[in-house]
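Student: the amino acid sequence is not available; the structure is as follows:
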Ligand SMILES: [Zn+2]
């Protein structure tokens, strides 16, 4: 960090910059804390619940750092699954999102990692994940397109094999959206 500050022609000893390397190190430690968390662990405590109705948790906010620029991408995750006898506390899904968000990431990979964690931890009939995010590396550098939103999805199990199930999930995610 000191080298970066020097390389841009700034004085690393200037008052406002003196503690910046320490602050940035702390920030990255927090931003990458998910590297030590297995998202499946956060989903480990399940409870039995008969029925195979779709469960959708929408608008889980997340922030992550893209691995190419270490710049944030911020947005929302929508997760659906159809249990096969076992469900998980709803807040645990948010924790799983956090675990995969807090590491150097690609939105595409993160989407699949959440879906796979739900599949492995809950053994449901299927899992579906949609992420929508704005990438600061598209906003403040390169093509500079603020406001553009990247949408990624991962469908597993019955969400992949059944168009009807997938449609039901998409309906509950996109319905009652802000216009
Ligand atoms: Zn980037």
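Tutor: Perfect, I can see it now. Predicted model only: the values in this text are computed from it and were never measured.
Student: which secondary structure elements does the helix or strand of the chain with the lowest mean pLDDT contact?
Tutor: None of the helices or strands of the chain scores lower by mean pLDDT, DSSP states H and E than helix 136-139, at a mean of 88. Contact here means 3 or more C-beta pairs under 8 Å, 6 or more residues apart in numbering; DSSP states H and E; on that basis helix 136-139 packs against strand 72-82. To be clear about C-beta, it is placed using only N, CA and C from the backbone, and glycine gets the same treatment.
Student: partner strands of the helix or strand that comes right after the strand it packs on, with direction?
Tutor: Reading on from strand 72-82 to the C-terminus, the next helix or strand found by DSSP states H and E is strand 86-88. Looking at strand 86-88 with DSSP bridges, its partner strands are strand 46-48 (antiparallel).
Student: what's the mean pLDDT across the strand it pairs with?
Tutor: Average pLDDT, strand 46-48: 91.
Student: so how far is it off the chain centroid?
Tutor: Relative to the centre of its chain, strand 46-48 is centred 24 Å away, using C-alpha atoms, centre = their mean, to the nearest Å.
Student: name the residues of that strand that are buried.
Tutor: Residues of strand 46-48 classed as buried by neighbour count (16 or more other C-beta atoms under 10 Å): residue 46.
Student: residue 157 reaches residue 124, doesn't it?
Tutor: Yes. Residue 157 lies in contact with residue 124 (C-beta atoms under 8 Å); the separation is 6.8 Å.
Student: low-confidence ranges, this protein, go.
Tutor: Along the chain, the model assigns pLDDT under 70 to residues 176-179.
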